[in-house]
Structures are given as C-alpha cells and as structure tokens.
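K.L.:
coords below, sequence missing:
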C-alpha cells in the first residue's frame, strides 16, 4: 500500500496526487511514467511523473478526471493499492543532456500534458540549459502550476483557446510567432501533438513527443500500447514513451485511442448518474 | 480391458459460458480405483519421465493405503507446486507417456492422482512448514512465476532469507495473468503463494527490476540473485494492418481476463466484446485465448497453418476446446489484416497451405499453395504465436543474452557467478514444470555455492 499525502483539486477536474513511493522515486528520471491502481480491483492507470523528491520518497503526479477510473482515484485519500514504476525510458535529452548544451529548446504542454513538461524543464535548467515553455489550455480555469513553470524556464507563453488568459489561439500559433529553436518537446493530447509535429516539420525543428496510448501492464507484456513509428511496430511502454514526432503515425494512434470508448463511456455515465437509463440500465440493448 | 478412470468435466454447454474450472477432479472412490491400477514397478519408468522426478509409485501406494498425508509429503519432496502441476503439466508427454501400462491399455492417470492428493492436502490443511533456522544468506529472486516460486520454496526450506520481486500488482507470473481460471483456479495459485509466505519468503510487488531497482543494486544487496523473468513479450504477425483496432496479443486478452478479471460484470478494466474472433496459433496459449473469448460471448475459430495432427497444444486442451464449440480453420496462414475506414478489423486474408514431408524436427513441414488465398471475416484477431523474454531486468546490466534475447546461463549460471537464471528467460517459452525444474536446480546450485 502506498500512503497518499495529497490528492487535491488544483483546476477544473484536475488533481495533484502525492504519494510515498520509494521504489519509484529511487531511480526515476524525467520522461518516465508510473501505473497506479486505486484499489485491488481498479484499472491500472498510467500517469506521467510530475515531480519527485529522492530525500522524502514523495512522488507527485497530476491527472485529469476523464472517466470512471480517474473519478474513483479522486475519492481515495488514505492509500493507493499499487504504484508501479518507474516505467518507460527516461527522456533521451535527459540521458544525453551534454549534447544539448547551448541548444535552443522549446517545450510545449497542452492541458494536463504540462505536468511532465515541468520535471524535464527543471532538469534542463538545473543542468545549465535554458528552455522556453508554451502552455496551451482551453480556458483559464484549466491552467495549473504557473509559478512552478515560471521557475524552470526562460520564457513562459500561455495560450488559451478562448483568450480568457494570455494569448488567444492554439500552441501552434505561439510557435509560429517565435520558432528559432533547435529542438521542440511536446506533451499533451495526441491530436495536439500531431498538429505541432506538422508545423515543426515545415519549420524543420527536430521534435520529440511523449505518447500516451492505452496500456495494461506497462512492461511490454500485452502490446496494447503499440504504435507505428517509421512504419515499425513499437511499444510506447518500453520503447518510449518518447519518440521522434516526425516518425509517428498519429492518425493510427488517434484511432487506437478510441478502442474502448463505448465501454468506458458507459461505465463513466453509470458512475456519475447511477444505474440510470443512459448509465447502462442493462435492458436497453446493452451488449 | 483395464481402462483408466476418466476425470469428470463440467458439461461443455454449461462451461462455455462460465469461468468455473472445467476438470472436476477425482472423488475418493475414483482416486482409489485409479491408484489400484498402478503396478508398482520395481524400476518405475514414470519417475524418469517426470522433470522433477517425483517418486510416483510411492505416492500412489500411499493413496492405496489411505495415507494421504504420506502421499502429499512424498510429492513435496520433489515438487513444491503439486496442485498446479497436477492441473497444467503435459503428463501425457512426460510421466504417463513412460508408464508401462500404456503399452497395452491406458497409462495410469498420474496427473489426476497428483491433483487429487494436492487438493486433499489443501482442503485438509496438511501443509506442514519445515524450515531450517536462518543461515544468514540472502537471495533475491526476480519474478514470481513457477520458476521463481519453486526456487524460493527450495531456498527458504534450507534457511535462506528470500525476497521475490514482482513487477505486477499480483504474484504468480503466468500462473496468475496467463493460465485461465477455468484451467487453474486462482485460489490454488494464491494458496501456494501463501504457503511460501508462511515459510518466510517476502514478496515485493510493483517492483520492476531494471527500473525501480537495478540488477546491480540487487547484486550488491544479496548474496545471490536468481533471474526468473519468464518470456512475457508477445510476438506479432509482421503483416499489414496489425496495429488495427481489434488485433490483440493473446497476452493482452489473457491479462485483461485473468489478471484484471474483465469478464466479471462489475469489472473496471474492459475487454472488447465483439462477435467473431480468429485466434492465430495452435499452442496451449491459443487454446486458452480461444476458450476465454468463447466464454465472454465470441464465436471463435482457431486459424492454424498445419492440421489437427500437428497442433502443439496438449491433447486435453484441444478436446476441451472442441467440446466447447471452438472451430478449427486449418492449413491457413494470415497474410494481411483487412480493415474498414475507421481502422477496425473486418477480416483476414489467408494463404492456403499444404503439408510437405516430415522435416528434421520430426514434424510435417508446410508450404503455401501458390496464388491460393481466402478471406475470413471477423472483428477480432488474437495472435498467439509465442512469446520472447522481457529484457527490462537485464538490458542495462552486465548479464549476457543471445541474439534472441535469451539469457545465456549454461547449467543455470550466467556470466556473473552470483547471478543465476532459469525458466523461460533462458529456454524461451516452455512449460510450467520445466520452469519449476530450472528453479529447483538453481536453488541447489545456490545452496552448493554457499557451502
């Protein structure tokens, strides 16, 4: 069991989760993720690492409520049944930080995808490499950790879809305005990463993406997370989660994300509304 | 005619809808009748056929004499997981194949008798814990599958302090995530694991060696390390569209169903419930996947490139699959997965095959008939073509693997004299009993190295 120190709402449906996880914190590096289970019968939820403290063994994650399993996670305040990791490969930039000295790097985070941007930016800054951050969200209610981000970057550009905070538009609009970068690292929804990659390909900026497909075990056992990268099958959990964004087949990845939409939607509705008609009454052609 | 006592099975129609155990086991009368068939050979060939050399005639004699505790202890001298082996060992290729009775009539049903003894012991709580005082030695075992569990039991008995590291949230390895409930009920596996815990074995879950803790850190903390990480990486087909929605590895289907219990009504982890599934492959894992899919409502066909004669699965599993209405689509080999506009599977294009002569392996070869193709429509394709070892534990370590990713460990020792390895991680995907045998051998070597 893993003691929960904090599980609090920090934005619209966005939560900060802090747990004691010595086996994760001991060796984890930016770019890696963990798999958490709220209870013994819960789903295994992959979450990226937001922060870690080797002295106290505190692991921090940020998650958004998107379905039944993340809703269940918000309700637990004592302990988690399981926290496994760190999983995946650390960011290539982190592993080879010396190769990136003096390079101009921009990190782009969309929605809660901003969470894993933070530890990498922190790592770069603490190793003498400056980064700019572009942070995009739908509206100002969804903006989180702004002070933390400011502390680990040179320039922070905030973009909202509705213009309720910062620049009105999309992250790609901000990148079009200033794009003299050697490297772009993007984390967020698959659709957002696809559009950033289309732009950076035009601009000829090397781009790394952090993929977040459906997973079960997270250790290479099931293959649910497979992607096409440069026309080869790769497992996001063990070969990634970070890949060269210009080689990823995003359209296939986006379609694969929809695989369990029916099942998940039904269960989420049931959890929100109870066993009502739309929540899956069990009679109305529920197959 | 001296026929063996056939074990009763759950009715095929009934069982194709539930995950209840199919083979029901012997009752006392049946067990005694079968035990009485044993000739008690002076030079028992069956013992030689058993990878862990259980003294089969001796335990059968104890059954005849109604001395069940004695029977159980005789098995335990050689095997630490009898309730599991009695269910999943391919006895017809091992002990029972060697049985002299098999020449003129049926071989003794040794596996069924082993299971009977183990289940009796479980029911009557016969398990006695005989652990020697701690000898000050510490061993880390990576993986809690059959090989790791066996090694742990053998070492703990001799007073070694054993810690097993398991990457998943539940111990048991393939016994837990892979073999379905209807073939190996999880309470049996949990019971065996609890017995090890009672012997003082510590199991640390959610610990991914190579990530959470490096192999080197283990080498520095323990006297010896045993790598029993199995063969957990699924192979895919390498044909067009195999990333489409509806194509799964057998590992994924089995993990969702067995480990995450997604067949239960209130399960939180989903499993896709389509209509028509094709399972590609002919081994035990293919049978397990096919029978699991049948139970959650699929119409299932196994597509295999040879014929029924060459199927590598156990005969009993094939018979059970046939009984449950699994169809066999033979002499066909998938060439391309057919998809719709939404990237969903709508079928598979297969090449028609024909058998050729017997090759060096003693099996009929197979080749494609030129320009002979067929399309099979389905919404789900499950690939059960074998698995490879998972490299996570060893990839950033000094341990040497071959070009297939198998750990090189002649006689169970790797290139580091304090690191031992065995089971599927060394041999490639094999059976539970062979993994156990390797665990037992490794334990012996580790103990020898301490003396």
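P.N.:
Done, it's in. What you see is a predicted model; the values in this text were computed from it and never measured.
K.L.:
can you give me the offset of stretch A:135-147 from its chain's centre?
P.N.:
Averaging C-alpha positions (CA atoms, centre = their mean, to the nearest Å) puts stretch A:135-147 14 Å from its chain's average.
K.L.:
how long is that stretch end to end?
P.N.:
Length of stretch A:135-147, first residue to last, CA to CA, to the nearest Å: 13 Å.
K.L.:
ok, and what's touching it?
P.N.:
With CB atoms under 8 Å, 6 or more residues apart in numbering or on different chains as the test, stretch A:135-147 has contacts from A:10-12, A:14, A:16, A:62, A:108-112, A:114-115, A:117-118, A:149, A:156-162, A:164-165, A:170-171, A:174, A:188, A:192. For the C-beta atoms, the positions are set from N, CA and C on the backbone; glycine is no exception.
K.L.:
Mind doing that once more with 6 Å?
P.N.:
A:10-12, A:14, A:109-110, A:114, A:158-162, A:164-165, A:171 (CB atoms under 6 Å, 6 or more residues apart in numbering or on different chains).
K.L.:
quick one: which of those sit in helices?
P.N.:
A:114, A:171 (DSSP state H).
K.L.:
Name only those of the contacts of stretch A:135-147 that count as buried.
P.N.:
Taking 16 or more other CB atoms under 10 Å in any protein chain shown as the criterion, what is buried in those is A:11, A:14, A:109, A:110, A:114, A:158, A:159, A:160, A:165, A:171.
K.L.:
which non-adjacent residue is nearest the second one?
P.N.:
Read it as residue A:14. If the residues on either side of it in the chain are set aside, residue A:14 comes closest to residue A:64, at 5.1 Å by CB to CB, 6 or more residues apart in numbering or on different chains.
K.L.:
What about the one you found, how many residues nearby?
P.N.:
Neighbours of residue A:64 under the rule other CB atoms under 10 Å in any protein chain shown: 17.
K.L.:
ok, now how distant is it from residue A:102?
P.N.:
35 Å (CB to CB, to the nearest Å).
K.L.:
For the closest residue to chain B within the stretch 101-250 of chain A, what are phi and psi?
P.N.:
Per CB to the nearest CB, the residue of the stretch 101-250 of chain A with the smallest distance to chain B is residue A:222, at 3.7 Å. Per-residue torsions, residue A:222: phi -100, psi -30 (degrees, to the nearest 10).
K.L.:
for residue B:165, what are its contacts?
P.N.:
Here residue B:165 is in contact with B:142, B:204, B:207, B:209 (CB under 6 Å, 6+ apart).
K.L.:
Then residue A:113?
P.N.:
Residue A:113 is in contact with A:187, A:188, counting by CB under 6 Å, 6+ apart.
K.L.:
before we move on, what about the one 3 residues further on?
P.N.:
Contacts here follow CB under 6 Å, 6+ apart; on that basis residue A:116 touches A:48, A:187.
K.L.:
Flag the shaky bits of the chain, pLDDT-wise.
P.N.:
The chain I'm using is chain A. Scanning chain A for pLDDT under 70 picks out A:273-287.
K.L.:
Wait, chain B was what I had in mind.
P.N.:
Filtered on pLDDT under 70, chain B yields the residue ranges B:1.
K.L.:
how's it carved up into domains?
P.N.:
As recorded under automatic domain parsing, the domains making up chain B are B:12-123, B:138-232+B:387-450, B:236-383.
K.L.:
Now intersect the contacts of stretch A:135-147 with the strands, please.
P.N.:
Judged by DSSP state E, these include A:10, A:11, A:14, A:109, A:110, A:158, A:159, A:160 as members of strands.
K.L.:
Those: which two are farthest apart?
P.N.:
A:10 and A:159 (19.5 Å; CB to CB).
K.L.:
Can you give the contact residues for stretch B:248-262?
P.N.:
A:216, A:221-224, B:177-178, B:180, B:234, B:263, B:267, B:269-271, B:285, B:289, B:292, B:382-384.
K.L.:
So which bits of chain A are right by chain B?
P.N.:
Residues of chain A lying near chain B by CB under 6 Å from any CB of the partner chain: A:23, A:37, A:42-43, A:82, A:84, A:86, A:216, A:219-224, A:226, A:228, A:252, A:255, A:259-260, A:263.
K.L.:
one more time with 7 Å, if that's ok
P.N.:
Residues of chain A found near chain B, taking CB under 7 Å from any CB of the partner chain as the criterion, are A:23-24, A:26-27, A:37, A:41-43, A:68-69, A:81-87, A:216-217, A:219-224, A:226, A:228, A:233, A:238, A:252, A:255-256, A:259-260, A:263-264, A:287.
K.L.:
Buried ones among those?
P.N.:
Buried, going by 16+ other CB under 10 Å: A:23-24, A:26-27, A:37, A:42-43, A:68-69, A:81-87, A:216-217, A:219-224, A:226, A:228, A:238, A:252, A:255-256, A:259-260, A:263-264, out of the residues of chain A next to chain B.
K.L.:
which residue sits closest to the residue of the stretch 101-250 of chain A closest to chain B, ignoring its sequence neighbours?
P.N.:
Per CB to CB, 6+ apart, closest to residue A:222 is residue B:252, 3.7 Å.
K.L.:
show me the contacts for residue B:431.
P.N.:
residue B:90 (CB atoms under 7 Å, 6 or more residues apart in numbering or on different chains).
K.L.:
separation between it and chain A?
P.N.:
Distance, residue B:431 to chain A, by CB to the nearest CB, to the nearest Å: 19 Å.
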